[in-house]
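**Q** Let me see the structure of the following:
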Amino acid sequence: MTFEVLFSRAARHVGALNVTLGRFGFRRRGLKGAVWFCLLLLMPAACGGTLDAGSNEPRGLLPVDERNPIILCNDAAADNWQGEYAMLFASTGGPPLVGIVINATWPWTDLTANMTGWQQMASAAVRSGLQNIPDPLASNSPGLVRPDDGNIDSTAPNHSEGARFIVETSLRLSTPTRPVVVVTGGSLTDVADAYLTDHTLPERVVVVSALGTTKTDGAAMGLPNGQLDTWADAIVARKFRFVQVTGYSYDTSADVPSNRLSQLPANEFTSWIAAKQPNIENAVDQVAVLVVAMPSIVTKVIQAQQNSEDTEGIPLLTSAPSGPAQVVTGVDGAQATKRLWEILLDPATFTKQ
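**A** Sure, this is the predicted structure:
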């Protein structure tokens, strides 16, 4: 019901309400004003809103923040801190982690090995007292094939396990003001496949991806991660509310430097972190989690749209003031690292259930 319709209906009944209250002995002086005041207070709730006009507004430059539930989509667990950040935030008031979808892409082509890594991480988190940690889900999702007619909706879907999970979870948890966020650190195949399964999905989902590089007039959806399935890139950029966080936004080695390992509290999760630290590459998949969990670290965003490709078939996001996509081109990595260590060193973080 629109505000105008509700207001009109309320107005028609004010007179009757005045008479009825008067019959029960209420004084008529000031009655009409009191009735209107009550109606004005009730109208926002009747229309589905709240009296706190800013409570449903995003807290940063992006359309989502730490109140939105997130689904992780990635391949290996070995080369970045995406899973660790997501699990720590989920257990300490950050974005609820409602799913972990694991697939296999180059160079992490062994789905069984990828799943083993994520299962070990999740188990270590739970045994160390972290809460709200879901079990990883394996998804067999080969790259999507661009149809001869170039029409997205002619694409043959995989109907992957990850696609089904994204659709079902969004139907269960998404609200108009709190869409589910699919956070990716690998290919966009499962997300695009989910759209091919359910074309209404973009109404319930925002996609935030760590991939690509910036250009003078926008961004390219290529290395890192974007080159893994360029047709899926195009589908997601055109059909979803899409946020690209360019891959090399800050130095990932600063997150857990070797000279701070001795400061970590003793538990299975921090032992997992310490064992993994020497193998961390300059792959910053975690940045896609961070911009959702910590909106304040996003310092610059441009609007863009995807309507062209480069000579190698990499989709391009061109700067456009009214474009449906966003490119995060500025991130305060130092603030993220600071928060990571605050969580790690807080005695309340690792409490046994």
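
**Q** Please parse this structure into its domains.
**A** As given by automatic domain parsing, the domain ranges for the chain are 3-46, 70-345.

**Q** Return the most buried member of those domains.
**A** Among the domains of the chain, domain 70-345 has the highest mean neighbour count (mean count of other C-beta atoms under 10 Å), at a mean of 20. C-betas here are computed from N, CA, C, even on glycine.

**Q** which stretch among the domains of the chain comes nearest N56?
**A** The closest of those to N56 is domain 70-345. By C-beta to C-beta, the value is 4.2 Å.

**Q** Please, which helix or strand holds the residue nearest to G185 when sequence neighbours are not counted?
**A** Closest residue to G185 apart from its sequence neighbours, by C-beta to C-beta, 6 or more residues apart in numbering: D285 at 2.7 Å. D285 belongs to no helix or strand when assigned by DSSP states H and E.

**Q** just flag whichever of the domains of the chain has the lowest average confidence.
**A** Here the lowest mean pLDDT among the domains of the chain goes to domain 3-46, at a mean of 40.

**Q** so where do the strands sit in the stretch 151-300 of the chain?
**A** Under the criterion DSSP state E, counting those that start in this stretch, strands of the stretch 151-300 of the chain are mapped to 180-184, 205-210, 213-215, 218-220, 241-245, 298-309.

**Q** As TSV, those strands with distance to R146 would be great.
**A** Putting the strands of the stretch 151-300 of the chain into TSV (distance: least, C-beta to C-beta, whole Å) gives the following:
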stretch	distance to R146
strand 180-184	19
strand 205-210	19
strand 213-215	22
strand 218-220	18
strand 241-245	18
strand 298-309	11
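
**Q** got TSV for the domains of the chain, with distance to L61 too?
**A** As requested, the domains of the chain are exported to TSV (distance: least, C-beta to C-beta, whole Å):
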stretch	distance to L61
domain 3-46	26
domain 70-345	5
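
**Q** which one of those domains lies closest to V64?
**A** So among the domains of the chain, domain 70-345 is nearest, using C-beta to C-beta, at 5.0 Å.

**Q** residues contacting the nearest residue to L171 once chain neighbours are set aside?
**A** Leaving aside its chain neighbours, L171 sits nearest to R204 (7.0 Å; criterion: C-beta to C-beta, 6+ apart). Contact partners of R204, counting by C-beta atoms under 8 Å, 6 or more residues apart in numbering, are 170-171, 174, 179-180.

**Q** can you check E84 too?
**A** Contacts here follow C-beta under 8 Å, 6+ apart; on that basis E84 touches 121, 269, 272-273, 286.

**Q** coming back round to it: and the furthest pair within the contacts of R204?
**A** Maximum pairwise distance among the contacts of R204 (C-beta to C-beta): 11.8 Å, between L171 and P179.

**Q** what pairs with the residue nearest the centre of the chain across the strands?
**A** The residue lying closest to the centre of the chain (C-alpha atoms, centre = their mean) is V181, at 2.8 Å. With DSSP bridges as the criterion, V181 is bridged to I70, V206.

**Q** hang on, isn't S209 packed against R241?
**A** No. With contact defined as C-beta atoms under 8 Å, S209 does not count as touching R241 (11.8 Å).

**Q** just to revisit the earlier point, just the contacts of E84 now: which is nearest L228?
**A** The nearest member of the contacts of E84 to L228, counting by C-beta to C-beta, is Q286 at 17.7 Å.

**Q** if I look at that closest one, how far off is Q306?
**A** Relative to Q306, Q286 is positioned 24 Å away (C-beta to C-beta, to the nearest Å).

**Q** Same check on M87?
**A** Note on M87: its distance to Q306, by C-beta to C-beta, is 32 Å.
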